[in-house]
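*Asks:* Sequence and predicted model, in that order:
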Amino acid sequence: MLVPSRRRLRLEVWIVLGLSLGQSAVYSVVQLLDKMTRAPLAEGTSTLNRSQSSREYFDLTYQLLDIIFALVPVLLVIYFLTEHRQSTSGAPQGGSAFRKLGFDFARPGRDLLQGLGLAALIGIPSLGLYAAGRALGITTAIIPSALDSYWWTVPVLILSAVRHAVVEEVIVVGYLLDRFGKFGWSMPLAIFASSMLRGSYHLYQGFGPFIGNAIMGVVFAWLYTKTRRVMPLVIAHALLDIVAFVGFSLFGKAVGLG
């Protein structure tokens, strides 16, 4: 099996990030500067799930296309992490990237329990950080969903939550920690870089979400180094986003939000 050079791996990482969350981080910094130069951050808003058309089924089409194409970099990462080699007979063989990342259903019960525990561990303090950020004026008002109420709104919000969970945990944790290790980086440095990237693409929401997501990144990356399973992280992240997206969509107006 041909082992890629560090130079080739660095180029690979830049390509993956340029197509996915690295691109999001750049846009996030520009959006933050835009908001800060318009008005105080406390007066700004950040909408996570926007309507893309006033026509119901075109909006649904745009939402589904966004979700599908956002997952393409994940497929690219899975391809890069799959070990392509030949047997002694010349037949192609491969090491599963899904198994390597722990992104499979090998232990569903344990992964689900860990995911539930992580969601509670991260979710409750996140509410406090958001409130503190709003009080300090360093966090925008976050609107988890601005979709109109259709029959497909809740299913699309759930798919959106799963999309964010898969993209972020597979790329920022599983893939990057593997590549940073091959660069020769120490584990603390790899975890720091991963968590800073996670925080940076949330900067458009303000400095509070940057801090909160960076802390979340440290916890998730550290746990991954212990378990080598990304599935509990995906479950936890998806649950957090589902609660935020769907809860806001169903009950936001009733409690005076939005």
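*Replies:* Everything's here; your move.
*Asks:* What are the neighbouring residues in contact with Ser51?
*Replies:* 59, 146-148 (CB atoms under 8 Å, 6 or more residues apart in numbering). Bear in mind the C-beta positions are built from the backbone N, C-alpha and C, glycine included.
*Asks:* Which pLDDT does the model give it?
*Replies:* In this model, Ser51 is scored at 96, pLDDT.
*Asks:* what about it, which SS state?
*Replies:* coil (DSSP: H, G, I helix; E, B strand; the rest coil).
*Asks:* where does it sit relative to Ala146, distance-wise?
*Replies:* From Ser51 across to Ala146, the span is 6 Å (CB to CB, to the nearest Å).
*Asks:* Skipping adjacent residues, who's closest to Ile215 in space?
*Replies:* Ser195 (7.5 Å; CB to CB, 6 or more residues apart in numbering).
*Asks:* so Val170 touches Val234, yeah?
*Replies:* Yes. Assessed by CB atoms under 8 Å, Val170 is found in contact with Val234 at 7.4 Å.
*Asks:* Common neighbours of the two, please.
*Replies:* When contacts are counted by CB under 8 Å, 6+ apart, Val170 and Val234 have Phe103 as shared neighbours.
*Asks:* before we move on, the earlier item: am I right that the residue nearest to Ile215 is in contact with Ala221?
*Replies:* Yes. The pair Ser195 / Ala221 is scored as a contact, 6.2 Å apart, by CB under 8 Å.
*Asks:* Tell me which of these two has more neighbours.
*Replies:* Ranked by neighbour count (other CB atoms under 10 Å), Ser195 and Ala221 place Ala221 first, with 25 against 22.
*Asks:* Now for the more buried one: which residues touch it?
*Replies:* By CB under 8 Å, 6+ apart, Ala221 lies in contact with 173, 177, 190-191, 194-195.
*Asks:* can you redo the residues you listed as TSV with pLDDT and secondary structure?
*Replies:* Shown next, in TSV, are the contacts of Ala221 (pLDDT from 0 to 100; DSSP: H, G, I helix; E, B strand; the rest coil):
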residue	pLDDT	secondary structure
Val173	98	helix
Leu177	98	helix
Ala190	98	helix
Ile191	98	helix
Ser194	98	helix
Ser195	98	helix
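*Asks:* Return the member of these nearest to Leu129.
*Replies:* Closest approach between the contacts of Ala221 and Leu129, by CB to CB: Ser195, at 14.8 Å.
*Asks:* ok, the closest one to Leu177 distance?
*Replies:* For Ser195, the distance to Leu177 - CB to CB - is 11 Å.
*Asks:* Quick check: phi and psi at Thr45.
*Replies:* The phi/psi pair for Thr45 (degrees, to the nearest 10) reads phi -130, psi 150.
*Asks:* Low-confidence regions, the protein specifically.
*Replies:* Within the chain, the segments meeting pLDDT under 70 span 1-2, 84-94, 251-258.
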